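following is a predicted model, sequence given first.
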Amino acid sequence: MTQQRIAIVGMFLESNRYATVVSRENFHKTYGGNIIDDARSLSPKLLKEGQGFFAQMDAAGAWQAVPISMIIGGAGGPADDTFICEEIEKVKVTLTSQLPLDGIYILNHGAMTTTEQSDPDGLLYATVRDVVGASIPIITTIDLHANISQRMVDNASVIVSYRTDPHVDQFECGKEAADILLEMLAGMHPIVRNIRVPIVPPNVSLLTDNGPYGDLIDYGQSKINQEILNVSVVAGFAYSDTADNGLHVIVTSRNNPAAAQTLCLELAEMAWAMKERFLWDLVPIHKAVASAVTSGTDHSTPPILLADLGDNIGAGGPGNTLWLMESLYQAGAQDVFIGSFFDPTLVELATDIGIGKTFTAVFHGDTWARADATFVAEKAVVQYLHPGKFNITAGPLKGMLVNAGPMCLLDLGGIIVLATSRRPIVWPDPALIESMGIEIASIRTLVLKCRSNYRAVFNAYFDTERMIEVDTPGRTSPVLSRHEWTRIPRPSYPIDLEFDWQPGLR
Ligand SMILES: [Zn+2]
């Protein structure tokens, strides 16, 4: 029997309209056979869902992977439009040259915008569909922060979204995509129904261990059976600011339109009925700082972790806003570890000055809503210099090699800052911190420029109720009413609070 030929395409970026444009150079690009070599290597760089897809396909028997391209950008601003158009055109040409194909796997985030377009992911799906025709399965995996366009739904056979935030199930999603593809190749016919619920939830309300989003996802999963193949409840990424923002329910049945429709409507009604649960309280800076001061003086209390939500690197934050660091410094907080602060100039200077030396450190911060974007610490001691490459040893990115460029630890007098030079890092790995001579147990206040994924890493060290979500200003503030939106459909809850809505299929 001839082997099934399955094309592999990847395009992945979460775009925050307020963050810096993501250029061609910022994408990690892999083409052709290198994708397979990497996927089947001992420590693949391929995102986990891609690894899961390959693992499951390989376990199921002989197949022929037809690798096209893998364009991975993580999180940032809108992508450079010329680059994305070129890449999608390349996908078209390469796919066409590889026909006939039996199926396509698209590894996608789903919340990319470009400098010119608000739905390049949909353009990719439509392009692939045009090449292969209506009858070939196209299975995609997406982040649950994707903004779902009708073009995406219409051109994919099945969309499989993550179900966890923090994201710890990417590998499982990839395996599920492979299973669905294999089932389709064996003759299964999926029927998809989808609804946009006019809720644009603040990202802080989207943790899935508990809370409204977890309840919705769990309920959807409880309905998986012989008829219901997949339920993807996709909350979206508000900061993309697109016409497709909103909470999307996508239900896929095995050739059963009525079953898909009924469950889709039920979940949409359920989401709307619980909309008030997506309102979220954050802790003001002054209260968070007071807690940090107490934490530094009273060691009988458990340590605290402050999440600097206005500068969430995972959502496109630049990793160098100053508000929280300044306030902690001015309040004299002790045993604080700030990990991290992105400042190439400062790292270069500290490297020149050398370990053990004291200098006046000027931090160069984000200019968002500030007349003066610098902060001066009169006496900073260079405590450690690090070349910048390290492996993540815990959490959803475990095993990944990070190169943050040369880094330094600066002691500002009770506040230690990990400064990076090549890129901001979402969280310092616990093993990295300890390798630089800092015991995590000695940290009374850990500050991270991260919203949720740190939980999967640092819950071994900090009680959940001691993880404080701080209401800092910035490009990623979850207080959506503070930002200006031009494309999100209105009304959308909770940007708009007083309106009625009845679910209807799209
Ligand atoms: Zn996400």
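Arrived safely, thanks for sending. Source: prediction; values computed, not measured.

CA atoms for contacts and neighbours, from now on please.
Fine.

could you report the neighbour count for Leu42?
8 (other Cα atoms under 10 Å).

from Ile36, how far out is it?
Summarising the geometry, the distance separating Leu42 from Ile36, computed by Cα to Cα, to the nearest Å, is 12 Å.

tell me if I'm right that Gln64 and Gln4 touch.
Yes. With contact defined as Cα atoms under 8 Å, Gln64 counts as touching Gln4 (5.8 Å).

can you list the domains in the protein?
Here the domain assignment for the chain is 4-278, 283-477, based on automatic domain parsing.

and the ones you listed as a markdown table, adding distance to Glu484 and mean pLDDT?
What follows is the domains of the chain, written out as a markdown table (distance: least, Cα to Cα, whole Å; pLDDT from 0 to 100):
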| stretch | distance to Glu484 | mean pLDDT |
| --- | --- | --- |
| domain 4-278 | 9 | 97 |
| domain 283-477 | 11 | 95 |
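
could I get those domains as a markdown table with distance to Glu498?
Rendered in a markdown table, the data for the domains of the chain read as follows (distance: least, Cα to Cα, whole Å):
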| stretch | distance to Glu498 |
| --- | --- |
| domain 4-278 | 11 |
| domain 283-477 | 22 |
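
those domains: which one's closest to Thr486?
Taking Cα to Cα as the criterion, Thr486 comes closest to domain 4-278 out of the domains of the chain, the separation being 6.9 Å.

residue boundaries of the strands in the stretch 401-506 of the chain?
Taking DSSP state E, counting those that start in this stretch as the test, the strands found in the stretch 401-506 of the chain are 401-403, 407-411, 415-420, 445-448, 467-471.

one more: the stretch 251-400 of the chain?
Under the criterion DSSP E, counting those that start in this stretch, the stretch 251-400 of the chain carries strands at the ranges 283-284, 304-308, 336-342, 358-364, 374-386, 389-391.

between these, which one is closest to Phe83.
When the strands of the stretch 251-400 of the chain are compared by Cα to Cα, strand 336-342 sits nearest Phe83, at 26.0 Å.

let's see that closest one as PDB, backbone CA atoms only.
Listed next in PDB are the C-alpha coordinates belonging to strand 336-342 (Å, rounded to 0.1, in the frame of the first residue of the first chain):
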ATOM      1  CA  VAL A 336      13.100  41.100  45.800                       C
ATOM      2  CA  PHE A 337      14.100  39.300  42.600                       C
ATOM      3  CA  ILE A 338      13.000  40.900  39.300                       C
ATOM      4  CA  GLY A 339      13.300  38.400  36.500                       C
ATOM      5  CA  SER A 340      13.600  39.800  34.000                       C
ATOM      6  CA  PHE A 341      14.300  43.300  32.600                       C
ATOM      7  CA  PHE A 342      15.300  43.700  28.900                       C
END
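
in that strand, which residues are buried?
By neighbour count, with 16 or more other Cα atoms under 10 Å as the criterion, the buried positions of strand 336-342 are Val336, Phe337, Ile338, Gly339, Ser340, Phe341, Phe342.

how about the strands in the stretch 1-150 of the chain?
Shown for the stretch 1-150 of the chain, the strands assigned by DSSP E, counting those that start in this stretch span residues 4-15, 28-31, 63-76, 103-108, 138-142.

out of those, the one nearest Arg193 is which?
Of the strands of the stretch 1-150 of the chain, nearest to Arg193 by Cα to Cα is strand 138-142, at 15.4 Å.

before we move on, the earlier item: now the strands of the stretch 1-150 of the chain in TSV, with mean neighbour count and distance to Arg444?
Written out in TSV, the entries for these read as follows (neighbours: other Cα atoms under 10 Å; distance: least, Cα to Cα, whole Å):
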stretch	mean neighbour count	distance to Arg444
strand 4-15	24	33
strand 28-31	16	36
strand 63-76	22	29
strand 103-108	26	39
strand 138-142	26	37
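
output these as a markdown table; include the columns distance to Leu324.
Supplementary listing: the strands of the stretch 1-150 of the chain in a markdown table, determined by distance: least, Cα to Cα, whole Å:
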| stretch | distance to Leu324 |
| --- | --- |
| strand 4-15 | 24 |
| strand 28-31 | 32 |
| strand 63-76 | 21 |
| strand 103-108 | 34 |
| strand 138-142 | 33 |
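
and Val22, which of the ones you listed is closest to it?
Distance to Val22, taken as Cα to Cα, is lowest for strand 63-76 among the strands of the stretch 1-150 of the chain, at 6.2 Å.

am I right that Gly10 is in contact with Gly73?
No. Contact status for Gly10 versus Gly73: not in contact, 10.5 Å apart, counting by Cα under 8 Å.

and the residue nearest the centre of the chain, how far is that from Ile136?
Most central residue of the chain, judged by C-alpha distance to the mean C-alpha position with Cα atoms, centre = their mean, is Gly314 at 5.4 Å. From Gly314 over to Ile136 the distance is 34 Å, taken as Cα to Cα.

now swap in Ile415 and tell me
Distance from Ile415 to Ile136, counting by Cα to Cα: 57 Å.

who has more neighbours out of the two?
Under the criterion of other Cα under 10 Å, the comparison of Ile415 against Ile136 puts Ile415 first, with 22 against 19.

break down the protein into its helices, ranges please.
Listed in chain order, the helices of the chain (DSSP state H) span 33-39, 48-60, 81-97, 120-132, 150-155, 170-185, 211-222, 257-273, 285-297, 323-330, 344-353, 430-435, 455-458.
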